[in-house]
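Enquirer: here is the input, now give the coordinates:
(chains A, B and C)
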Amino acid sequence: MKGFTTEARVGLVVILGAVVLAYMSMQIGLFRLGKEKGYRVFVVFDSAAGLDQKTPIRLAGVEVGKVEQLELTDGKARVTFRIHPEYRIRKGGKAIIRSAGLLGEKYVELISGKEKNYLNDGDTLAESETLGDIEALVAKFSEVGSDIKAVTVSLREVIGTKQGEEDLKSILTNFRKFSQHLDELIVNNQDSVGETISNLKEFSEFINDDVPDLVDSLKRVASNLEAGKGTIGKLLKDDQLYEKLNSAMDNIQKITQKVNNGEGTIGKLVTDEKAYQRINTALESLNNTLGRIDRFKTSVGLRNEYQTDTTQKNKGYFSVRLEPRADKYYLLEVVDDPRGTVNQSSQTTTVGGVSTTTTRLTTERKLKFSLEMGRRFNGIDIHLGLVENSFGVGAGYMVFDDRFRLGVDLWDFNSVDPQSPNPHLKTTASYHFYKYLFLQTGYDQMLNAGLKTSFVGGGMTLDDEDLKYLFGAAGSLVK
Amino acid sequence: MISWLEKIGHRAIEVLKKVGEASLLFSQALRWTFMPPVYFKNIIQQMEVIGVQSIPVVLITSLSTGLVLALQSYTGFKRFHAENLVGTVVALSLTRELGPVLTGLIVAGRAGAAMAAELGTMRVTEQIDALSTLAVNPVKYLIIPRLFAGLIMLPILTVFADMIGIVGGYFISVQYLQANPVIYIRRTTEFLEANDIFGGLLKACVFGILISVVCSYKGFNTEGGAVGVGKATTGAVVISMILILVSDYFLTMLLFKQ
Amino acid sequence: MIEVVDIHKSFNSHHVLSGVNLTIEKGESMVVLGGSGTGKSVLLKIIMGLLKPDQGTILIDGTEIIHLREEKLNEIRKKFGMLFQGAALFDSLSVWENVGFGLMEHTSLSKAEIRNRVTEKLAMVGLKNIEDKMPSELSGGMKKRVGLARAIAMNPEIILYDEPTTGLDPIMADVINELIIKLKHEIHATSVAITHDMTSAFKIGDRLALLYQGVIHRIGTPEEFKHSEDPVVRQFVTGSSVGPITAG
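Expert: Residues are numbered from 1 along each chain as shown, chains lettered A, B, ... in the order given. The predicted model follows:
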C-alpha cells in the first residue's frame, strides 16, 4: 500500500489486534460494557449441588436468566440469580434444581408464585428445592422398594417357616398329581371324545333329516317283509335260501380261517412279515422318487419364429425344461421346421449298359427333436446334445436378472442338405417380460448364404407352480 | 566404541555451548534494551516484516484449520449426539493450542528464516563489523528490534488466527453441517474462558521470543560464506520449530493444568 | 597514536599472532605487509576492538581498549573510520544513507545537512549523483569509494584500510591510492593499511611493517625495504615464489 508507511501499517495491525482481543474478551464475559443488565434475586438452597455460574434459569421452559454467584451462608448455599430485565416473576414461587439430561446438566426451574406482586432487584425467593429429576426418580423407586420389602417380609413369614415350607410342598405335589391325571384322562380319551362328539353331531343331523323318511320306509319295508314281498322278504321266508346262505358262510369262514393261518397265497402274503416290509420299502422309495421329481423345476413352453427371408416362414417349438438343480438343466424340444429334413437317396439305373446314378433329395417335413443337457455358471449357460435331430452345442449369456439373454447355437455339422453345407449357426436375443412371455429376434443360418435369414419370434413359458395350479383347476372342473 | 562415545560427548558439549551463547546473546539483548539509544525505527520495521507481512498466511492457515476442525469434530461427535459441543471444541482448541502453535510455526518458517538469512549475509559480508566500526552496537541495532517485534507481533497474529478460525468453524457448522447458529455461538462463548485466550497469547509471546533469539543468534554467528548462510537459515528454522513444539508442552502443563 | 603491545591471538590452536608489537605515530601512514592468512586482518580487527586478543593490549592515544565496555569502546570507535575489503555497505540502505549512517546515529544534524555532507564526502572520493542509488547497483570500485566516503564521513582521526586495492583493476587501484594520499594530506588522519599490493604499499606508506610468522619481522621506510638485504623482505618485495617465506 503506497503512502501507507511502515509505521502506519504496523500501528493499524496492532490496534486491530487489540480491538479483536477486546471483542473476544467481551464475548466471553471478561468485562462488560456498561452496567449489568437485569436484576438480582437471591435464593437459599440446602445444597446447590451442580450449580455453577452461568447455569440457566428457566421458567415454564423459557430461559429467564442465569446464575451469577454462589455463596455459603449458615451452612446453606445462597445463590444469586441474574434475571433478564424483560421477565417478571410473581412472588411466592419456588426454585428447584433439576437435571436436564442423562449427562446431568443442571438448571434451575422457577415456578412462578401466585401473589399479586412481582419480584424486584434484591428480593429473596423463599422456597427452594434441591431435587434433580433423576433424584426424584430415585426417591420414587425408594418408596416402591420399601413396599416391596414389606410384602416380601410377610411372604417370608408365611413360607419361610418350616411348616410353611411343608405345606407349600404338599400343595405343589397334589397339584402336580392332579394335573397329571387330568392329562392322562384327556389323552386316553381324546379319540373317543372326538369321535363321540362327531358321532353325536352326525347322529343329531341324521335324526333331524333322515329319521322321518327312514321311519316311513321302514314301515313300508316292514310291511313288505311281512307279506313276504321283495327279495329280502322272499329271503326271509325262504328256507332253502337260508340253508344256502349258511353253507356259504361256512365256506367263507373256512377260507378266512386258512388265510389267518397263513395258508394259501393271499394268506401268505397277508401274514408274511418280510413281504410286508418289502412292500413298505417299495412304497417309500416310490414316494422319494416322486418327491424328487416333485423337486425338479419343470417348465413348459411354446414359441414360434417368423423367418423373414425364407419361403416358409414359421417355425414352431414346444419345449420342456427340467431343472434338477439351479445350475443344471435338461431341455427337450419338439420342433416343427417348415424346411424339414432333407435326405439324400441315390438310385442307380442301368439302361443299355450305361449306368446312370440319380441322386434325389427328399424333403420331409418331419417333426424334429432336440434333447440337450446344460450347465449354468452365474450368467452364462452352456448346453449340448441332440439339436433338431443332429449334434449341436450352444451357449448363452443372461443379464438383467435373467430377463435378457443372448444366445448362440451351432449344430448340424454334417448336413446332406445342398443348401446348407456349413453348420447351422444361429444367434438369438431374447427378452422376457411379465413372467410368462418373451420376445426374440436374431439371425438364423448365418453360415449358409442361401438360407440366411433374420427372424423375430415370441412365446410363452409356464413353470410347475403354474402347471399345478392349472391342473388343480382342471381337476376341480372335472369333478 | 570409545571414539563413538567421545563423538556424542563432543556433540553434546557443542550443543550446550551454543545454547549458552544464545542465552548470553539474549541476556545481553535484555540488558541493552533499557539503555539508550533505542532504535525505534528498526523495531517498527521488524514488526512489519514479522507481523504485518505474515498476516495473509496466518489467516489462510487458521481459516482452514478452523474449518477442518469443525468438520472433523462434528462427524466424530455426531456418533454420540454431542454435535452441540463442536463450537466449544473449536474455540478451545484454537485459543489454547492451534492458534499460537500454528502461527508460531508459520512465522518461524517465514520471518525466522528471513531473519537468519539476512543476518547471516550481513555477517558474512562484514556489515555487522562495519556497524561496530561506525560505533553502533549491532545487537542493539539488529537483534533487539527483532526480539521485540516477535514478542509483540506473535500474540497479535494469534488473536487474528483465533478469531478467523472460530469464524471459519462457525460458518462451516452453520452453513454446511446445519448446526443451529444461536446454540453454536452460545456454546463458543459460554465455555471459553479468559484463561484460554490469554494462556494462548502467553504461549505466543514465548514462541515469538524463541523464534527471534534462535534465528538472530544463528544468523549473527554465521561462518563460512554463502554455504554458511544457507546452513544457518535451515538450522534456525528447524530449531525454532522444534523449540516451539517442545515448549508448547511445558507451557501447556504450566498454564492449563487442572 | 596507536600502540600494539605484545598481541597474541590463536584460532583453534592455530597461533596467528604470537607477540606483535607495533607503534603507529599520529598522522603517519603505516602499511602492514604480509602474505595471505598471516593475520593482518586479525590485527586490524584487534586494533579496532572487533576482536579481543588472547594476550597483550592495544592503546589508543594512551587508553587501553582491551578491557573497555561496549559503550566506552564505542566512544573510542568514533575516532575511527574503517574501509573493509568488500566495502561492507549496508545493502538495504541507499548510498547516502550508508555514507551518512554515522552522522544520523551520532549527531543531531538534520537530514538535509547530512545529505550535504554526504555529497561533500562523495565528491572527495570522486563520486557524483549517486546518493540515491542502492549498493547493489554499484561497481566494485564505486562500492569501495562509497565505503571510503562512509569511513571518513565523521572526520575520523584514524582510518584503517583492509586491503584497499585488492580486487580492483590497476587504474582503480591507483585512484584509491591517490585518494588515500589525498586524505592523508587533507584530513591529516593516522592511517593503518594492510595489503600485499607492493605498488600500493610503496605509494601510500610512510613506513612499512612486515608481518611474518606471527610477529613484525621488520619495520622500515619504503626505501629501506626496497634496498633491504633481509631475505624475507627481499622475497616479499620482489614478489618471488622462491625464498624463505615459501620454503618454511
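Enquirer: got the residues of the stretch 151-258 of chain B near chain A?
Expert: B:152-153, B:155-157, B:159-160, B:162-163, B:189-190, B:192-194, B:197, B:201 (Cβ under 8 Å from any Cβ of the partner chain). Every residue, glycine included, has its C-beta placed from N, CA and C.
Enquirer: from those, which land in helices?
Expert: B:152-153, B:155-157, B:159-160, B:162-163, B:189-190, B:194, B:197, B:201 (DSSP state H).
Enquirer: show me which of the residues you listed is closest to residue A:188.
Expert: Relative to residue A:188, the closest of those is residue B:190; by Cβ to Cβ it sits at 79.7 Å.
Enquirer: correct me, but the closest one touches residue A:53?
Expert: No - the criterion here is Cβ atoms under 8 Å, and residue B:190 misses it with residue A:53 at 10.3 Å.
Enquirer: so which of those two has more stuff around it?
Expert: Shown here are residue B:190 and residue A:53; by other Cβ atoms under 10 Å in any protein chain shown, residue B:190 has more neighbours (18 against 12).
Enquirer: which residues touch the closest residue to that one other than its chain neighbours?
Expert: For residue B:190, ignoring the flanking residues on the chain, the nearest one in space by Cβ to Cβ, 6 or more residues apart in numbering or on different chains is residue A:54 at 6.3 Å. Residues near residue A:54 by Cβ atoms under 8 Å, 6 or more residues apart in numbering or on different chains: A:66-67, B:190.
Enquirer: tell me the pLDDT at the closest residue to chain C within the stretch 251-400 of chain A?
Expert: Here the stretch 251-400 of chain A gets closest to chain C at one residue, residue A:399, 75.4 Å apart by Cβ to the nearest Cβ. At residue A:399, the pLDDT value in this model is 83.
Enquirer: now it: closest residue in space that isn't a chain neighbour?
Expert: residue A:379 (6.2 Å).
Enquirer: now that neighbour: phi and psi?
Expert: Main-chain torsions, residue A:379, degrees, to the nearest 10: phi -90, psi 0.
Enquirer: which residues touch it?
Expert: Contacts of residue A:379 by Cβ under 8 Å, 6+ apart are A:397-399, A:402.
Enquirer: just the buried ones from these, in PyMOL syntax?
Expert: Those of those that count as buried under 16 or more other Cβ atoms under 10 Å in any protein chain shown are selected in PyMOL with:
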select buried, chain A and resi 398
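Enquirer: strands - which of the contacts of residue A:379 land there?
Expert: Using DSSP state E, the members of the contacts of residue A:379 that fall in strands are A:397-399.
Enquirer: now, of the ones in helices among the residues of the stretch 151-258 of chain B next to chain A, which are buried?
Expert: B:152-153, B:155-157, B:159-160, B:162-163, B:189-190, B:197, B:201.
Enquirer: ranges for the strands of the stretch 101-250 of chain B?
Expert: Shown for the stretch 101-250 of chain B, no strands are assigned by DSSP state E, counting those that start in this stretch.
Enquirer: so where's it shaky on pLDDT?
Expert: For the stretch 101-250 of chain B, applying pLDDT under 70 flags no range at all.
Enquirer: quick check: residues of it near chain C?
Expert: For the stretch 101-250 of chain B, the residues in contact with chain C (Cβ under 8 Å from any Cβ) are B:125-127, B:129-130, B:132-137.
Enquirer: show me what the host helix or strand of residue B:74 is packed up against.
Expert: Element membership for residue B:74, per DSSP states H and E: helix B:55-78. If you count contacts as 3 or more Cβ pairs under 8 Å, 6 or more residues apart in numbering or on different chains; DSSP states H and E, helix B:55-78 packs onto helix B:86-93, helix B:99-107, helix B:144-171.
Enquirer: with distance to residue C:98 added, can I get these in a markdown table?
Expert: A markdown table is the format used below for the helices and strands packed on helix B:55-78 (distance: least, Cβ to Cβ, whole Å):
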| stretch | distance to residue C:98 |
| --- | --- |
| helix B:86-93 | 49 |
| helix B:99-107 | 30 |
| helix B:144-171 | 19 |
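Enquirer: so the residue of chain A found nearest chain B is in which element?
Expert: Per Cβ to the nearest Cβ, residue A:17 is where chain A lies closest to chain B, at 3.4 Å. Per DSSP H and E, residue A:17 falls inside helix A:6-27.
Enquirer: buried residues in whichever strand or helix holds residue C:120?
Expert: In this structure, residue C:120 sits in helix C:111-124 according to DSSP H and E. Neighbour-count burial for helix C:111-124, with 16+ other Cβ under 10 Å as criterion, is recorded at C:114-115, C:117-119, C:121-122, C:124.
Enquirer: out of those, which is nearest to residue C:71?
Expert: Lowest distance from residue C:71 to those (Cβ to Cβ) belongs to residue C:114, with 23.7 Å.
Enquirer: for the helix or strand harbouring residue A:96, output the C-alpha coordinates as CSV.
Expert: Element membership for residue A:96, per DSSP H and E: strand A:94-99. Only the C-alpha atoms of strand A:94-99 are listed here, as CSV (Å, rounded to 0.1, in the frame of the first residue of the first chain):
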residue,chain,number,x,y,z
LYS,A,94,-40.2,-21.7,44.2
ALA,A,95,-36.9,-22.6,42.7
ILE,A,96,-35.9,-26.2,42.0
ILE,A,97,-32.6,-27.5,40.9
ARG,A,98,-33.1,-30.1,38.2
SER,A,99,-31.1,-32.2,35.8
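Enquirer: starting at the chain centroid, how far to the helix or strand just after that strand?
Expert: Using DSSP H and E, the helix or strand that follows strand A:94-99 in sequence is strand A:106-111. Mean-position distance between strand A:106-111 and its chain equals 52 Å (Cα atoms, centre = their mean, to the nearest Å).
Enquirer: just to revisit the earlier point, the residue nearest to residue B:190 belongs to a strand?
Expert: No - looking at residue A:54 with DSSP: H, G, I helix; E, B strand; the rest coil, it is coil, so not inside a strand.
Enquirer: so residue C:108, which of the three states?
Expert: coil.
Enquirer: how about the helices of the stretch 301-450 of chain A, start to end?
Expert: Counting by DSSP state H, counting those that start in this stretch, the stretch 301-450 of chain A forms no helices at all.
Enquirer: would you mind listing what in it touches chain C?
Expert: Counting by Cβ under 8 Å from any Cβ, no residue of the stretch 301-450 of chain A is near chain C.
Enquirer: now do the buried residues in stretch A:65-81.
Expert: Those would be A:65-68, A:77-79, A:81, for stretch A:65-81 by 16+ other Cβ under 10 Å.
Enquirer: ok, stretch B:188-207 next?
Expert: So stretch B:188-207, judged by 16+ other Cβ under 10 Å, has buried residues B:188-192, B:196-207.
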